[in-house]
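[1] attaching a predicted model along with its sequence, questions to come.
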Amino acid sequence: MHGYLNLAAAVALSFGAGASAAAADTVDVGVCVSWPGYAMLEVARQNDLTEHDLNITIFEDPLGGHSALAAGQIDVYGCTADYTPLIVDRGTDVVNVAFLNPSYGVDHIIVAPEVEPEDLAGKKVSAPQAYIGHLLMGIWLDSVGITPDEVEWVNLNADEAVGPMLSGDISAAYMYEPWISKVLAANPGSRSVVNTADPEVLKTGIFMDALYMNKNFIEEKRDVALDVLKARWDGLGYWNQNTAETNKLMANFLQWPEEDIGYVIGTNGKSFEGGIYMLDFDESARLCGVLAGEGPFGMANGSMVDSIAQTNEWWVKLGLMDKTIDAAKGMDCSLMGDLAEAGYRQSLTAN
């Protein structure tokens with residue numbers, strides 16, 4: 001703990017007249033949904049890990065939050081990385097500045113009893129359109145030799161798919177807990193056929209949460225943007241060293257039962273298999289390509305751009321996009337690079 005705090009203090013000093021000496025700003029931060037992976041800036045705010053006033057709003061509307069970010073109504077936004085190709089396609093003033101955490105088994109595809117994957121052609125499958133579940137279903141279908149146009153898609157979230165799965169109206173559905181357990185218990189023979197902890201899924205880097213920023217915010221207040229990004233990693237470090245206390249904080253912030261926080265983000269300060277895996281700064285910086293070394297789970301150095309390109313490829317296959325974009329235009333790793341160059345490091349292990 002002392003080594004971590006000393007490092008953070010040294011990095012703050014290394015910025016000199018930058019963020020630490022600047023007058024405090026109000027930074028408008030958006031969280032796309034109530035989710036522990038997006039709560040680290042609230043941890044930083046409550047523990048005075050930034051000089052700036054973080055005004056944090058939970059949208060419970062991912063697309064609404066993206067619209068607010070593009071319009072400059074908020075400066076910073078935590079949400080899923082699968083939207084990154086769309087910000088390029090639409091030419092918005094938004095960039096993805098860091099990968100935060102991959103799904104580590106939260107997301108599943110459940111098939112109905114007596115349904116064999118190779119028999120799904122012509123059958124109904126459900127997933128929420130334009131979100132992670134849509135991608136996971138498409139990639140899994142492809143792995144069993146079925147193209148997206150060979151099934152009938154039904155646009156349902158996990159909770160909405162429970163009834164149709166139990167009635168036999170749909171043959172496969174994207175799901176997460178507690179809906180997985182409800183379907184498996186009520187419908188013997190139903191089973192999970194893939195989840196985001198599978199090694200081949202993890203190494204794609206597609207099923208990832210990310211931090212977005214408005215380009216004008218970065219350009220006009222770069223020192224503030226750097227401080228906010230650093231505060232996010234400092235918040236993560238605080239959680240690593242004070243996990244039980246911080247999980248309680250997150251439960252209050254998100255209005256979740258405290259026990260449920262642990263079932264997503266874990267109680268060991270790093271990850272929960274069946275939940276999410278929190279990238280530390282060094283891991284995220286390697287995916288950005290601004291720090292030497294390989295990322296976790298077989299993700300290559302600098303592979304953030306490849307993950308965005310793969311996401312674009314799948315959105316085209318699934319009919320959500322109609323062209324290939326320049327994936328590099330959707331990301332800006334220069335802030336992560338500045339932190340790394342200033343000597344900021346963070347390598348966290350489970351407690």
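    That came through, no problem. Note that the structure is predicted; figures quoted are calculated from it, not measured.

[2] can you give the domain ranges for the chain?
    Annotated domains of the chain cover 2-103+204-341, 108-195 [automatic domain parsing].

[3] any chance of a markdown table for those domains, columns mean pLDDT and distance to residue 347?
    Every C-beta, even on glycine, is put in place using the N, C-alpha and C of the backbone. Listed next are the domains of the chain as a markdown table, based on pLDDT from 0 to 100; distance: least, C-beta to C-beta, whole Å:
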| stretch | mean pLDDT | distance to residue 347 |
| --- | --- | --- |
| domain 2-103+204-341 | 92 | 5 |
| domain 108-195 | 95 | 27 |
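
[4] could you dump those domains to TSV with distance to residue 348?
    TSV is the format used below for the domains of the chain (distance: least, C-beta to C-beta, whole Å):
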stretch	distance to residue 348
domain 2-103+204-341	4
domain 108-195	24
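
[5] what's the most buried one of those?
    Of the domains of the chain, the one with the most neighbours on average (mean count of other C-beta atoms under 10 Å) is domain 2-103+204-341, at a mean of 20.

[6] what about the lengthiest strand in the chain, distance to the chain center?
    In the chain, taking DSSP state E as the definition, the longest strand is strand 94-104. Mean-position distance between strand 94-104 and its chain equals 5 Å (C-alpha atoms, centre = their mean, to the nearest Å).

[7] stretch 244-264 too?
    Put simply, stretch 244-264 sits 18 Å off its chain's centre (C-alpha atoms, centre = their mean).

[8] and stretch 115-134, by the same measure?
    From the chain centre to the centre of stretch 115-134 is a distance of 22 Å (C-alpha atoms, centre = their mean).

[9] so which residues make contact with that stretch?
    Stretch 115-134 has contacts (C-beta atoms under 8 Å, 6 or more residues apart in numbering) with 62, 80, 82, 103, 107, 111, 136-137, 141, 144-146, 150-158, 160-161, 164-165, 169-174, 193, 207, 318, 320.

[10] with stretch 49-64 instead?
    Residues from elsewhere that reach stretch 49-64 (C-beta under 8 Å, 6+ apart): 19-20, 22, 24-34, 41-45, 65, 68, 74, 79-80, 83, 131, 224, 227-228, 230-231, 234-235, 238, 254.

[11] just those: which are in helices?
    Counted as lying in helices by DSSP state H, out of the contacts of stretch 49-64, are 41-45, 65, 68, 224, 227-228, 230-231, 234-235, 238, 254.

[12] list just the nearest of these to residue 333.
    Minimum distance to residue 333 across the ones in helices among the contacts of stretch 49-64 is 14.6 Å, recorded for residue 230 (C-beta to C-beta).

[13] do you know how far the closest residue to the closest one other than its chain neighbours is from residue 138?
    Nearest non-adjacent residue to residue 230, counting by C-beta to C-beta, 6 or more residues apart in numbering: residue 339, 5.9 Å away. From residue 339 over to residue 138 the distance is 35 Å, taken as C-beta to C-beta, to the nearest Å.

[14] repeat that for residue 285.
    Counting by C-beta to C-beta, the separation of residue 285 from residue 138 is 30 Å.

[15] do the same with residue 193
    Relative to residue 138, and taking C-beta to C-beta, residue 193 is found at 14 Å.

[16] would you say the residue nearest to residue 230 is within a strand?
    No: using DSSP: H, G, I helix; E, B strand; the rest coil, the secondary structure at residue 339 is helix, not a strand.

[17] contacting residues around it?
    By C-beta under 8 Å, 6+ apart, the contact list for residue 339 reads 11, 226, 229-230, 233, 281, 285.

[18] and if we set it to 7 Å?
    Counting by C-beta atoms under 7 Å, 6 or more residues apart in numbering, residue 339 touches 226, 229-230.

[19] relative to residue 70, how far out is it?
    Distance from residue 339 to residue 70, by C-beta to C-beta: 25 Å.

[20] cool, residue 97 as well?
    Relative to residue 70, residue 97 is positioned 15 Å away (C-beta to C-beta).
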